[in-house]
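Peer 1: Got a predicted model here, sequence first, then my questions.
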Amino acid sequence: MGIGVEKAVKEYCEAHPDEFNYVGGYFSPMGSMLFSGEIEKLKGCDYVWPMGFPAGEFIKEFRAKGYTAKFLGDTTQSAFRGFFVDLCGWNTLDGYLSLNLARWWNESSPLVNLAKELLNRYHSGEAEAIIHAGAGYVGGMSNLLAFYEILRQTVARVGAENFSGQAVYDTAVNFKLNAESTQLWNGMPEWSFSDTDRSCVHDVAVYKWSAQDQDLVRVSDWLPLG
């Protein structure tokens, strides 16, 4: 994933030279937790995209040196919000922009509301900690709904007695999940597969990490990928 992101960022910057000047992409050895060399190369940037769990140590070290670039991120950071907040603190993360595939805990939508209802019903003593941890529970609802909807459509199409892996595949390549297929999807962009497109997510939203709110705040509509 990291190589793909770096390649996409480089290509985008080079396609928009009037807006961006690509400085470089650096891949540290697995397990690295010190990034002095990479930080010094990126210290003058306006935007930096640190990736994976080591991003927390990178951000902390980068800010400790007084550098001010705005950080960009993907779903890894929001999925593990608690890890990054506990490591870096809200003031260090303030202004961080990350991408989400699904709606966040502080938004009202059928799927988020269901996630909160189930969380408080079955894990009431852990609800606060699970929400602090990140998007795993609420984001997982989207993934599970897509999976179960494919299974439901497969059984509806071929019958339970004819259920098979091939039947699931045949359903999946024509699968669409939207508000018409289930009201739980209201407020979400359509997810779909085809026989050549194996990624059902085609839109993301940008969220800002806010020290004032001590939460992620949505700052964009759904944006198409590609």
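Peer 2: Looks like it came in fine. Only a predicted model underlies this, so the values are computations on that prediction, with no experimental measurement involved. Numbers count the residues shown, from 1 in each chain.
Peer 1: Tell me which other helices or strands the longest helix anywhere in the chain touches.
Peer 2: In the chain, with assignment by DSSP state H, the single longest helix is helix 136-158. Counting contacts by 3 or more Cβ pairs under 8 Å, 6 or more residues apart in numbering; DSSP states H and E, helix 136-158 packs against helix 75-79, helix 110-122, helix 127-133, helix 165-172, strand 176-177. C-beta: built from backbone N, CA, C; applies to glycine.
Peer 1: Ranking these by mean neighbour count, which comes first?
Peer 2: helix 75-79 (a mean of 22; mean count of other Cβ atoms under 10 Å).
Peer 1: what residues does that one touch?
Peer 2: 51-53, 55, 84, 96, 98-101, 104, 134-136, 139, 207, 216 (Cβ atoms under 8 Å, 6 or more residues apart in numbering).
Peer 1: Select the longest strand from this structure.
Peer 2: Longest strand in the chain, counting residues (DSSP state E): strand 203-210.
Peer 1: So which elements touch that strand?
Peer 2: helix 90-93, strand 97-100, strand 215-218, strand 223-224.
Peer 1: which of the ones you listed is buried the deepest?
Peer 2: strand 97-100 (a mean of 21).
Peer 1: which residues of the protein score low on pLDDT?
Peer 2: 1, 29-33 (pLDDT under 70).
Peer 1: Walk me through the domains of it.
Peer 2: The chain is divided into the following domains under automatic domain parsing: 2-103+203-224, 110-192.
Peer 1: May I see the buried residues of stretch 5-17?
Peer 2: Buried residues in stretch 5-17, counting neighbours by 16 or more other Cβ atoms under 10 Å, are found at 6, 9.
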